[in-house]
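Colleague: have a look at this prediction, sequence included:
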Amino acid sequence: EMRHPDDEDLLLRPPPIEKRIRLSRKDKLFFSLPTISNSFSVALYNTYSLYYYSNVLQDPLENLNLSYSMSMILTMLSFPLMGYLLDNTTTRWGRRKPWLFVGVPLLYLTNLLFWFPPPLEGFHGYSGLANNYLTLAQKRADSYWFTLWNLLIIVINFAVSTPYYSLAIEIT
């Protein structure tokens, strides 16, 4: 009896694997190590960024909420754009590795700069103990700093994490 290719049993059966590649434990360990630092930086950012900018630097919450709203819109737009860019990248190092080589140092730099907004000229430094002396201009400058680096962290994190997790699928 002849069966049609659209029969259910054919759709449920996985295609035959000609040659299966086995990764060593060492390869798996070294591939997973960057996940630890990325998870740490994302957890730190998600947990303490609003607290730091609102309570320590005393930025107005409405400015910070606007920045977070902008970052959510950017996140929504970044998914399909990043997929398109990754699929159309062709280099001698492959489609994923160039994004990692460029993106990882940028991600570390943006995460570092996010936490250290520069003081305004004429204002000789400040710390969490001297918040009573912050001017409105300083608070506004901190909000702009927060928005800039918040958006850059979102974009660069997608530029690093998307190819990293895509690479995992391709090598197994």
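Modeller: In hand now; what should we look at? Residues are numbered from 1 along each chain as shown.
Colleague: all helices of this structure, in order?
Modeller: For the chain, the helices defined by DSSP state H occupy 8-12, 25-51, 61-87, 97-114, 136-171.
Colleague: outside of the fourth one itself, list whatever touches it.
Modeller: Yep, that's helix 97-114 we're talking about. Helix 97-114 is contacted from outside by 34, 38, 41, 45, 49, 86, 89, 91, 93, 146, 149-150, 152-153, 156-157, 159-160, 162-164, 167, using Cβ atoms under 8 Å, 6 or more residues apart in numbering. All C-beta spots, glycine's among them, are computed from the backbone N, C-alpha and C.
Colleague: if we go to 7 Å?
Modeller: 41, 45, 86, 89, 91, 149, 152-153, 156-157, 159-160, 163-164 (Cβ atoms under 7 Å, 6 or more residues apart in numbering).
Colleague: thinking again about what came up before, columns mean neighbour count and mean pLDDT on top of the helices of the chain, output as TSV?
Modeller: Output for the helices of the chain, formatted as TSV (neighbours: other Cβ atoms under 10 Å; pLDDT from 0 to 100):
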stretch	mean neighbour count	mean pLDDT
helix 8-12	8	53
helix 25-51	12	80
helix 61-87	14	87
helix 97-114	17	89
helix 136-171	17	81
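Colleague: and the furthest pair within the contacts of helix 97-114?
Modeller: By the measure Cβ to Cβ, the contacts of helix 97-114 have their two most distant members at Tyr45 and Thr91, which lie 29.5 Å apart.
Colleague: next, format the contacts of helix 97-114 as CSV and append distance to Ser78.
Modeller: Output for those, formatted as CSV (distance: Cβ to Cβ, whole Å):
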residue, distance to Ser78
Ser41, 18
Tyr45, 16
Leu86, 12
Thr89, 16
Thr91, 21
Trp149, 16
Leu152, 12
Ile153, 12
Ile156, 10
Asn157, 9
Ala159, 9
Val160, 12
Pro163, 13
Tyr164, 15
